[in-house]
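K.L.:
pasting the structure only:
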């Protein structure tokens with residue numbers, strides 16, 4: 001009889017703790033799933049057409065980003081030249097891209113917003129002579 005009572009008590013305690021754990025889990029903040037960014041890569045002298053606009057990656061003016069295997073005082077930046085044609089006018093822009101990249105809006109249309117994210121590849125050593133640069137762009141639907 002005592003043994004049966006002991007078993008029933010343990011089962012009851014176990015069920016109580018399980019219910020308590022599930023209640024505590026409901027109160028914990030839920031982690032949001034990170035949606036991956038879709039990035040468009042644009043090589044030097046390539047262009048992309050977006051809703052009647054044409055974006056051309058003209059050149060890398062200079063690349064002063066601190067290489068990964070070098071100790072620098074400042075992380076540096078790279079300067080790129082872009083050309084944006086809106087159907088009637090062409091605008092040339094020289095944009096400084098920080099070493100760690102950023103999320104800068106280049107232009108928007110009624111359907112899309114175009115952001116400049118970074119310049120790839122990142123230099124590894126001071127002697128790197130990068131020939132195949134790519135602009136990393138994010139083109140997302142316009143929510144307004």
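P.N.:
That came in fine, so what should we check first? The model shown is predicted, which means the values in this text are computed figures rather than measured ones. Residues are numbered from 1 along each chain as shown.

K.L.:
contacting residues for the most centrally placed residue in the chain?
P.N.:
Closest to where the C-alpha atoms of the chain average out (CA atoms, centre = their mean) is residue 37, at 5.7 Å. By CB atoms under 8 Å, 6 or more residues apart in numbering, the residues touching residue 37 are 117, 138. For every residue, glycine as well, the C-beta is placed using N, CA and C.

K.L.:
end-to-end on stretch 120-135?
P.N.:
Stretch 120-135 has its terminal residues 6 Å apart, counting by CA to CA, to the nearest Å.

K.L.:
Give the rounded mean pLDDT of it.
P.N.:
On average, the pLDDT along stretch 120-135 is 86.

K.L.:
Please identify the buried residues of that stretch?
P.N.:
Of the residues in stretch 120-135, 122-123, 133-135 count as buried by neighbour count, 16 or more other CB atoms under 10 Å.

K.L.:
Tell me the one among those nearest to residue 85.
P.N.:
Using CB to CB, residue 135 comes nearest to residue 85 of the buried residues of stretch 120-135, at 16.1 Å.

K.L.:
What segments of the protein are helices?
P.N.:
Taking DSSP state H, the helices of the chain run over residues 2-27.

K.L.:
Any regions of it where pLDDT drops low?
P.N.:
1-30, 34-35, 144 (pLDDT under 70).

K.L.:
Would you map the strands across it?
P.N.:
Assigned by DSSP state E, the chain shows strands spanning 40-43, 47-50, 53-63, 77-85, 90-98, 104-108, 112-120, 134-141.

K.L.:
and the third one, which strands flank it?
P.N.:
Looking at strand 53-63 with DSSP bridges, its paired strands and their directions are strand 47-50 (antiparallel), strand 77-85 (antiparallel).

K.L.:
Could you identify which of the ones you listed is most buried?
P.N.:
Ranked by mean neighbour count, these are led by strand 77-85 with a mean of 17 (mean count of other CB atoms under 10 Å).

K.L.:
That's all I had, so thanks and see you.
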